[in-house]
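> curious how this folds, go ahead:
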Amino acid sequence: MGVSLVAVSMTEPDSRQAEKDLVVRARQGEQAAFEMLYRQHVGRVYALCLRMTGQPALADDCVQEAFIRAWRKLPEFRGQSAFGTWIHRIAVNQVLGHKRSSKRQGAHLELLAGQTAGASSPAPETAGFDIENAIARLPEGARDVLLLCGVGGFSHEEASSMLGIAVGTSKAQLHRARRLLKEQMDVR
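Reported below is the predicted structural model:
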């Protein structure tokens, strides 16, 4: 038992150091190092973007743009947080920016399509409880906080900063999201 604990404690700092080394090499212009960072994080970044947008093609676009921005802004990355946290923030900002521009540009589409711009259409009802479908049906603010704090592991301070809301609002939205999910589960 003592050996496994030693192995875990040695592995975690080693992986953090390896990531830091990749960041340093990528900052120096080494594309292979940035590609390794991309491969390590693209799955989780895509999952977050997909949950926030509800649209695979839009999630792909947001992920691609987030990593392009990360490559361009890599010299500005101070390393105060993990690279994974930093790229997640960039991705969240990309999704939120798209939502804002969609709302501004898509007002006329709302009338034609009969739905709000940037909102995902709920999937058809299924016999079992589908958590992804239930999350997609949450109001946007509650869904975003749930994905950041409840799924992504960000603190309320980090989520409120990313979303441009007060910390108290973030806490209230998370409570609201959990209550609404519970209500959806109870209906079944």
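> tally of neighbours for residue 17?
10 (other Cβ atoms under 10 Å). Using the backbone N, CA and C atoms, a C-beta is placed for each residue, glycine as well.
> repeat that for residue 88.
Neighbours around residue 88, by other Cβ under 10 Å: 24.
> I'd guessed it sits against residue 46; true?
No: the criterion here is Cβ atoms under 8 Å, and residue 88 misses it with residue 46 at 11.1 Å.
> now the helix or strand containing residue 100: mean pLDDT?
Assessed by DSSP states H and E, residue 100 sits inside helix 83-105. In this model, helix 83-105 has an average pLDDT of 85.
> return the distance of that helix from the chain's centre.
For helix 83-105, the separation from the chain centroid amounts to 9 Å (computed by Cα atoms, centre = their mean, to the nearest Å).
> quick one: buried residues of it?
The neighbour-count check on helix 83-105 (16 or more other Cβ atoms under 10 Å) flags 83, 86-96, 98-99, 102 as buried.
> which helix or strand contains the residue nearest the centre of the chain?
By Cα atoms, centre = their mean, the chain has its centre lying nearest to residue 48, at 3.5 Å. Following DSSP H and E, the helix or strand that holds residue 48 is helix 31-53.
> who are the packing partners of the very next helix or strand once past that helix?
Of the helices and strands lying after helix 31-53 in sequence (DSSP H and E), the nearest is helix 56-73. Judged by 3 or more Cβ pairs under 8 Å, 6 or more residues apart in numbering; DSSP states H and E, helix 56-73 is in contact with helix 31-53, helix 83-105.
> and of those helices, who's closest to residue 17?
Among the helices and strands packed on helix 56-73, helix 83-105 comes nearest to residue 17, with 12.1 Å by Cβ to Cβ.
> all set now, cheers.
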